[in-house]
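Participant: what's the 3D shape of this:
(chains A and B)
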Amino acid sequence: MELEKAYNPAEAESTHYKSWEERGCFAPEINENPNAEAFSIVIPPPNVTGSLHMGHALQHTLMDVLTRRKRMLGYKTLFLVGVDHASISTQLMVTRALKKDEHKTPQDIGREAFMGRAWAWKNKYGGTITNQIRREGLSVDWSRERFTMDENLSKAVSEVFVRLYGEGWIYRGKRIVNWCPRDKTVLSDLEVKEETKKDGKLFYLQYPVKNSDAKITVATTRPETMLGDTAVAVNPKDERYKNLIGQTIELPLTNREIPIIADEYVDAEFGTGAVKITPAHDPNDYEVGLRHNLEQLNVMNDDATMNETAGNDFVGLDRYAAREKVVEKFDELSLLEKIDDYEMVLPVCERCKTVIEPFLSEQWFCRMDEMRDLALDLMKREGAPHFYPQVPHEKVYMTWLENLRDWTISRQLWWGHQIPAWYDENGNVIVARTKEEAVERAGTENLTQDADVLDTWFSSALWSFSTLGWNGETTETEDLKTFHPTDVLVTNRDIIFLWVSRMVMTGLKFIGEKPFEDVIIHGTVLDKNGQRMSKTKNNGIDPLDVFNKYGVDATRMTLADSATGIDFAWRDEKVESFRNFANKIWNATRFCLLNSDGAQVDYSFINPKAEVKEIKQTLGDELNELDEEDEEFLDKIKPEFAFDNPKENLSLADKWIISRLNKTAVQVNKSLDKYDFHEAVQTLYHFFWDDFCDWYIELVKDEITASEPNVKRDAARSRVITILEQSLRLLHPFMPFLTEELWQKLPEVSSDLHNDAYKNAKQTIMLADFPMGDAAMIDEQAESEMQAVIDLISKTRNIRAEMNIKPSDRTAIHVAANADLQKVFNENQAQILKLARASELNLNETLDVPRASAKAVLAGGAEIAVPLEGLIDFAKESERLENQSNKLNAEGERLKNQLANQGFVEKAPPEKVAGLQARVAEIEQQTNALKQNLEALK
RNA sequence: AGUCACUUAGCUCAGUGGUAGAGCACUACCUUGACACGGUAGGGGUCAGCAGUUCAAGUCUGCUAGUGACUACCA
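Facilitator: A predicted model of the protein is given here:
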């Protein structure tokens, strides 16, 4: 079988996902090992109205990398998927559609009909993001897909509400809240953002003092609220106003009289030092009002138009129109002192950017003091959840908890979980799980349910356990026992408060345990100019476009490579480089497959433990009780199985690549265990491209491309294809599609390489054993010998390049080296000749070459010379040697200075000093050699 | 205002005490039977600035400057 010349991602992406899903590979049930440890992760539920953006793609990639690796390692793995109901945005969309299609408002059709439309909308359009999740290749268990408004999850919401109410942690009250006049609902503090308004104005209004000619001037940015003023406040220490305290203001435009009061809250330095107090329309004024027993005059409707209380002149006007009119009237009355330009910051609705109106209304609140203590104690007690990176997130999280205020949980919407509270004819509240329960408790059928729904985050807060079956009634499901607490949460820092902290609190409160061990907070994907992506700036990058252009795997690699916890600017060039990497993997495999006749994938030559496993299976139980490392065990199996010692048949290149492979596997596992995705990607990239493609394949090329079949050739083919197979496994969590596509094309993988937990393992790489790497297979001697060979080849190539030797011209290489190195070079002569384009390799103790030679020094005291009669440019060669010499000298000087430092020699660790001394000796030897070579040119 | 992060090659970023790294871009050569989405060999950085701790600082401490984020307040 021959592969196409270049990797075409679309093909692989269109077939494998379906096949994985159909075979049930994503469900934990695929794991048939009854003793398997569990690994679980829940997706931060995206909005049902949403579509995939780069932040999702990043987050999802990281979760999938972790999940796929754990699954391959034999964990019983659950990656739970689902979306939340997004109360506000869904309601907005459905309302918009209703208006467009039927010219009706929600009120026109009523709550029940509206809910019908909303569900229909959800069923029709709500699948956008879930389909995109399939496109990303996420190995999520679709059989456990959840929605926050599922029956069971809704039941959990009611249960939690009822219990918290019962304990007095939920209450109803009239407070100043953040009101969005467009959505006509209250919002929590966290859903309010700030916007700077540069062209704001500060209005100075004069209020006449009763029975006096005096006027007191107040400064305000919102003159229309003066219609609801119920006092003017000054600082008690402010000498200017001391004698006015206790007097009365005749409030213009109204026929009301309001007192002048003293309150510490007033900053005498700001504005005029006198503040109008509007308790119903400002949170600070509200507090002042409570302290002084002031009336709360609400002058607005829920759409921010003025109501009757504002007076006949203003009723029905929008707040901004009312503002103009108030200012006009003050001007007419000559009570407008002045208008200053004033830059100010306005609170706006996070979703629709409408300016928030502080509004006095009756809402449901969740008390956070005791909830917060649960989370604080957990951190103090066991440092959980552990944030990655710990700095700065842990501190931010703790500080926020410490200053936490009560949470407004009701919303004036229909789409969502209707608050499980009923009112009887007398207005008594009955909080119950169901209407039946409420009726029973109230003793009457005549009950009205609270019209409001709960904040979407209230249900998201239960996500870690409601998704696993908890609903208050059922509290111990198999899934909860197996998968809770989840292992790790991957999310962005914007929702540490909105979601992470609340999940911790509810988890502790209702399950009695933390919802997750670790929390990975990833950075934000910025545009190429380092700006945040936003709809208003229209600088967003659609992950789907990137998938289409470069492939899903390349995108995943890019995101994983960038995941260091801090923000990063998106670069198309980077995806391009990983697209190239995917193509490199494709072509390396293509080459191996072109030379794969007679080859088999067999791990035994690189991992004796795999052999042991096979032997154990053959010999049966008697050996299973013995430790594999035990000498008795080894003695017992050796004579029975006189397998060749495979290591003795291996070339230096083989030993070297086996060592590199094991180092890579060890490193990748280590990196992923500490959630260092960047390190894992870099390790894999350089192993595959530099070690495997640039060196190993080149070193064994002649051997595996031999046209005549023979045992040696086929063994070499097996080795190269096995290394390749192992590499694909290591890459699979990052690049699932490409690796599956290629893995399917490899010769059959021997059975002992599969994971016992999965009966489907032979059909898919995603259920193959993930290579852990074996420290015993790391061969430092082979690595250093190979390094010498690489050094020899590279230096020769350098000479050839610098001297402009045509690629077709072969040159001789003379090497001076010690006996050990000579042996290494001699054994690898064929490869050296090929890769250095040399005609002959002369090995000696010393160099004896014509003057017309280019030379270089190697590590370990070796030197090389390339005779270039008629080709050498002596001036250029001098310059080249000079350059090398200068570089070495600079380093040597630096090190010698360090060694000359008494303090260094005395205080630095001895091995450091010895290392430096050795390096200095080598540099001296090499510079001497270079000097002699230079002399010889003259 | 407070808290925090960031500042390393032209660009995007790794690198937490011991000889400055990667990818892209750049230069030269190469259409060599896996790959031009490629190969080979190169050039390029007083690690924002200043001071300190240390035998030794890109790395630790303090200050300064710039950039960004978050929290609170803003009559």
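Participant: is stretch A:542-551 positioned near RNA strand B?
Facilitator: No - counting by C-beta under 7 Å from any atom of the strand, no contacts exist between stretch A:542-551 and RNA strand B, the nearest distance being 8.7 Å. The way it works is simple: take the backbone N, C-alpha and C, and place the C-beta from them, glycine included.
Participant: show the backbone phi and psi for residue A:233.
Facilitator: Comment: the main-chain dihedrals of residue A:233 come out as phi -120, psi 150, following degrees, to the nearest 10.
Participant: tally of neighbours for it?
Facilitator: Residue A:233 has 28 neighbours, counted by other C-beta atoms under 10 Å.
Participant: so what's residue A:564 up against?
Facilitator: If a contact means C-beta atoms under 8 Å, 6 or more residues apart in numbering, then residue A:564 has A:523, A:676-678 as its contacts.
Participant: for these, could you give me JSON lines that also reports neighbour count, pLDDT and secondary structure?
Facilitator: As requested, the contacts of residue A:564 are exported to JSON lines (neighbours: other C-beta atoms under 10 Å; pLDDT from 0 to 100; DSSP: H, G, I helix; E, B strand; the rest coil):
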{"residue": "A:523", "neighbour count": "17", "pLDDT": "94", "secondary structure": "coil"}
{"residue": "A:676", "neighbour count": "19", "pLDDT": "96", "secondary structure": "coil"}
{"residue": "A:677", "neighbour count": "26", "pLDDT": "97", "secondary structure": "helix"}
{"residue": "A:678", "neighbour count": "14", "pLDDT": "96", "secondary structure": "helix"}
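Participant: between those, which is nearest RNA strand B?
Facilitator: When the contacts of residue A:564 are ranked by distance to RNA strand B (C-beta to the nearest atom of the strand), residue A:678 comes first, at 5.2 Å.
Participant: any idea what sits nearest the closest one, other than its immediate chain neighbours?
Facilitator: Taking C-beta to C-beta, 6 or more residues apart in numbering, and ignoring the residues beside it in sequence, residue A:678 has residue A:564 as its nearest neighbour in space, at 5.1 Å.
Participant: specify the local secondary structure of that neighbour.
Facilitator: The three-state label given to residue A:564 by DSSP: H, G, I helix; E, B strand; the rest coil is coil.
Participant: so residue A:689 touches residue A:587, yeah?
Facilitator: No - contact criterion C-beta atoms under 8 Å: residue A:689 and residue A:587 do not qualify, at 11.2 Å.
Participant: let's have the contacts of residue A:564 in JSON lines, adding distance to residue A:551.
Facilitator: JSON lines is the format used below for the contacts of residue A:564 (distance: C-beta to C-beta, whole Å):
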{"residue": "A:523", "distance to residue A:551": "23"}
{"residue": "A:676", "distance to residue A:551": "24"}
{"residue": "A:677", "distance to residue A:551": "18"}
{"residue": "A:678", "distance to residue A:551": "20"}
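Participant: give me the subset of these touching RNA strand B.
Facilitator: The subset of those within reach of RNA strand B, counting by C-beta under 7 Å from any atom of the strand, consists of residue A:678.
Participant: farthest-separated two in the contacts of residue A:564?
Facilitator: A:523 and A:676 (13.7 Å; C-beta to C-beta).
Participant: enumerate the residues of the stretch 1-150 of chain A near RNA strand B.
Facilitator: A:5-7.
Participant: how about a cut-off of 6 Å?
Facilitator: By the criterion of C-beta under 6 Å from any atom of the strand, the positions of the stretch 1-150 of chain A lying close to RNA strand B are A:5-6.
Participant: surely residue A:86 is in contact with residue A:456?
Facilitator: Yes - between residue A:86 and residue A:456 there is a contact under C-beta under 8 Å: 6.0 Å.
Participant: so, low pLDDT: which residues of the stretch 1-150 of chain A?
Facilitator: Counting by pLDDT under 70, the low-confidence segments of the stretch 1-150 of chain A come to A:1.
Participant: which residue does it bring closest to RNA strand B?
Facilitator: Using C-beta to the nearest atom of the strand, the single residue of the stretch 1-150 of chain A nearest to RNA strand B is residue A:6, 4.1 Å away.
Participant: contacts (any at all) between RNA strand B and the helix or strand where residue A:393 lies?
Facilitator: Take DSSP states H and E as the rule and residue A:393 turns out to sit in helix A:390-402. Yes - judged by C-beta under 6 Å from any atom of the strand, helix A:390-402 and RNA strand B are in contact via A:391-392.
Participant: for the stretch 201-350 of chain A, just list every one of the strands.
Facilitator: Listed from the start of the chain, the stretch 201-350 of chain A has strands (DSSP state E, counting those that start in this stretch) covering A:201-208, A:215-220, A:231-234, A:248-250, A:257-262, A:274-277, A:336-341, A:344-349.
Participant: check contacts around the nearest residue to residue A:302 once chain neighbours are set aside.
Facilitator: In space, not counting the residues next to it along the chain, residue A:302 is nearest to residue A:184; the distance is 5.2 Å by C-beta to C-beta, 6+ apart. Taking C-beta under 8 Å, 6+ apart as the criterion, residue A:184 is in contact with A:302-303, A:412.
Participant: so which of those residues comes closest to residue A:146?
Facilitator: Here the nearest of these to residue A:146, counting by C-beta to C-beta, is residue A:412; it sits at 26.2 Å.
Participant: list the contacts of the closest one.
Facilitator: Neighbours of residue A:412 in contact, by C-beta under 8 Å, 6+ apart: A:184-186, A:302, A:451-452.
Participant: please spell out the PyMOL selection for the buried subset of those.
Facilitator: Selecting the buried subset of those in PyMOL, with 16 or more other C-beta atoms under 10 Å as the burial test, is done by:
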select buried, chain A and resi 185+186+302+452
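Participant: which one of the contacts of residue A:412 is nearest RNA strand B?
Facilitator: residue A:186 (15.9 Å).
Participant: help me confirm that that closest one is found in a helix?
Facilitator: No - residue assignment for residue A:186, taken from three-state DSSP, gives strand, which places it outside any helix.
Participant: quick one: it and residue A:363 touch, right?
Facilitator: Yes - Residue A:186 is in contact with residue A:363 according to C-beta under 8 Å; the separation is 5.4 Å.
Participant: so where's chain A shaky on pLDDT?
Facilitator: Within chain A, the segments meeting pLDDT under 70 span A:1, A:604-648.
Participant: need the contact list for the residue in it sticking out farthest from the centre.
Facilitator: Ranking residues of chain A by C-alpha distance from their mean position (C-alpha atoms, centre = their mean) puts residue A:211 at the top, at 67.2 Å. Residue A:211 makes contact with A:247-248 under the criterion C-beta under 8 Å, 6+ apart.
Participant: now with 10 Å, please.
Facilitator: Each residue near residue A:211 by C-beta atoms under 10 Å, 6 or more residues apart in numbering is listed here: A:247-248, A:250.
Participant: cool, residue A:359 as well?
Facilitator: By C-beta under 10 Å, 6+ apart, the residues touching residue A:359 are A:175-181, A:186, A:280-281, A:298, A:300-302, A:304.
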